[in-house]
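Participant: I would like the atomic coordinates for the input below:
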Amino acid sequence: MDGTLVDSTGVVEQVWGEFAARYGVDVEQLFAFSHGRQAIDTVRRFLPDLDDSAHWGISDGLQADELLRLDGIVEIGGAEVFFRGIPASRVALVTSAPRELASRRMAAAGMEFPRVTITSEDVALGKPHPEGYLSAASRLGVDPSDVVVFEDAPAGIAAARASGATVVVVGPGTGGDFRVDDYRALTVTADDSGLTISGLTPA
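Facilitator: Here you go, the predicted model:
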């Protein structure tokens with residue numbers, strides 16, 4: 001979601017920048033690790049000396065803060081039109097965010113919340129583990145090898161690849177089968193045999 005469907009960079013960097021300043025964490029290392037991962041995994045990584053109850057308390061506080069910061073969140077260019085062109089029964093959202101935060105950010109960007117949505121509450125193992133994408137494929141009733149995943153973060157790209165999906169990297173990242181700057185140059189058609197996506201650039 002973040003960086004793939006919605007641009008929440010300003011909010012994310014503000015919240016996590018405050019975390020880095022509070023706990024004396026190198027902010028560049030923090031951003032390099034955290035993007036695409038669950039908050040709890042980032043807190044554990046950078047505050048290893050705390051016990052897990054403290055990790056969860058800090059993580060919950062960060063996410064409660066993010067719920068209140070929605071100004072400036074917009075869709076990635078062309079995302080709403082592109083995904084509106086795909087039947088709802090063929091779309092899933094897999095995000096490391098909790099459900100309420102995901103719902104609010106999608107709404108702030110003017111995007112519909114998909115019927116099949118896998119959030120942090122729905123998995124035991126977050127990205128880069130493929131559990132989220134495998135679960136989404138199962139709920140859609142398709143083989144993971146028939147799935148196309150749009151991702152931007154290294155952890156998400158790794159998770160998608162491990163699931164067996166075809167990976168489209170959104171933005172400047174690497175490691176996918178295809179890449180796009182955003183969705184404005186893409187077109188999609190759907191029929192009984194599947195989807196046809198035009199405008200993708202091979203990675």
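
Participant: which ones are touching M106?
Facilitator: Listed by Cβ atoms under 8 Å, 6 or more residues apart in numbering, the contact partners of M106 are M1, L5, V6, L93, E112, F113. Glycine gets a C-beta too; all of them are placed from N, C-alpha and C.

Participant: did I read that right, it in a strand?
Facilitator: No. Counting by DSSP: H, G, I helix; E, B strand; the rest coil, M106 is not part of a strand but helix.

Participant: do you know how far it is from P48?
Facilitator: With distances taken as Cβ to Cβ, to the nearest Å, M106 is found 33 Å from P48.

Participant: ok, back up a step: what subset of the contacts of M106 is buried?
Facilitator: With burial judged by 16 or more other Cβ atoms under 10 Å, the buried subset of those is M1, L5, V6, L93.

Participant: mind putting those in CSV, pLDDT and secondary structure included?
Facilitator: CSV is the format used below for those (pLDDT from 0 to 100; DSSP: H, G, I helix; E, B strand; the rest coil):
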residue, pLDDT, secondary structure
M1, 94, coil
L5, 96, coil
V6, 95, strand
L93, 98, strand
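
Participant: Could you dump these into a markdown table and include distance to A203?
Facilitator: Compiled in a markdown table, the buried ones among the contacts of M106 are given as follows (distance: Cβ to Cβ, whole Å):
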| residue | distance to A203 |
| --- | --- |
| M1 | 21 |
| L5 | 20 |
| V6 | 23 |
| L93 | 23 |
